[in-house]
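# Using only what follows, build the 3D model:
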Amino acid sequence: MTEKFDTYIQKTKLYYILQVISILTLLGILGAKITDLQIPLMYKPLAGTLVILGLITIVINLILTSTNFVKMYKKDGELIVNTESVTLNEKTILLKDIRKIEVNANDYKGARSSDGSGNRIYITFDDKIISSRFVISSKDQQNNLSKILTQWKLAGIEII
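Residues are numbered from 1 along each chain as shown. You can find the predicted model right below:
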């Protein structure tokens, strides 16, 4: 069994712009509600327009992060795992050379409006540690990764 994942270094600027607008909109609405802000009549159309644009941005953000329409990360390589080895950015490490693997992989595309990019892997071999962020594109990929990790654990690899 083999599974391939995209690795990345950072998210795109679009991701951060959408996040900032969404957070500022929510904070503005919450702040206005808590302080019972009374907006002067001449600014009400502007305030209403900003709230509507902010809410539209939140919806766009949720749609883009939960679909594959636009990638919210910059791909820089691949993580390929199988029952005999791990390949990370064209460097293959055989299972017999690996001492320990730490995998934080709870995030997959479609879960709670997620883009699947909240995952990390740390591989310890020959007194070296390499790590990478990676993207799980589906629930099937997450299940296959879990099966491969279980096989590695049975083979004697320390899985954290």
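# who does the helix or strand where Leu50 lies touch, helix- and strand-wise?
Assessed by DSSP states H and E, Leu50 sits inside helix 44-66. With contacts taken as 3 or more Cβ pairs under 8 Å, 6 or more residues apart in numbering; DSSP states H and E, helix 44-66 sits against helix 13-34. C-beta here means a position set from N, CA and C on the backbone, and glycine is covered the same way.
# Which residue ranges make up each domain of this structure?
Split into domains by automatic domain parsing, the chain comes to 2-8+74-159, 11-66.
# tell me the most buried of those?
Among the domains of the chain, domain 2-8+74-159 has the highest mean neighbour count (mean count of other Cβ atoms under 10 Å), at a mean of 16.
# How far away from the center of its chain is it?
Remark: domain 2-8+74-159 is offset 14 Å from the chain centroid, using Cα atoms, centre = their mean, to the nearest Å.
# Pull stretch 75-93 out as PDB, backbone CA atoms only.
C-alpha atoms of stretch 75-93 as PDB (Å, rounded to 0.1, in the frame of the first residue of the first chain):
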ATOM      1  CA  LYS A  75       3.400  22.900  -2.700                       C
ATOM      2  CA  ASP A  76       7.100  22.300  -2.400                       C
ATOM      3  CA  GLY A  77       7.400  18.500  -2.700                       C
ATOM      4  CA  GLU A  78       5.800  15.200  -1.900                       C
ATOM      5  CA  LEU A  79       5.600  12.800   1.000                       C
ATOM      6  CA  ILE A  80       5.200   9.200  -0.100                       C
ATOM      7  CA  VAL A  81       4.600   6.500   2.500                       C
ATOM      8  CA  ASN A  82       4.500   2.800   1.900                       C
ATOM      9  CA  THR A  83       5.100  -0.400   3.900                       C
ATOM     10  CA  GLU A  84       8.800  -0.500   3.200                       C
ATOM     11  CA  SER A  85       9.900   3.200   3.100                       C
ATOM     12  CA  VAL A  86       9.200   6.900   3.400                       C
ATOM     13  CA  THR A  87      10.100   9.400   0.600                       C
ATOM     14  CA  LEU A  88      10.200  13.000   1.600                       C
ATOM     15  CA  ASN A  89      11.100  15.600  -1.100                       C
ATOM     16  CA  GLU A  90      12.900  12.900  -3.200                       C
ATOM     17  CA  LYS A  91      14.900  11.500  -0.200                       C
ATOM     18  CA  THR A  92      14.000   7.900   0.400                       C
ATOM     19  CA  ILE A  93      14.400   6.400   3.900                       C
END
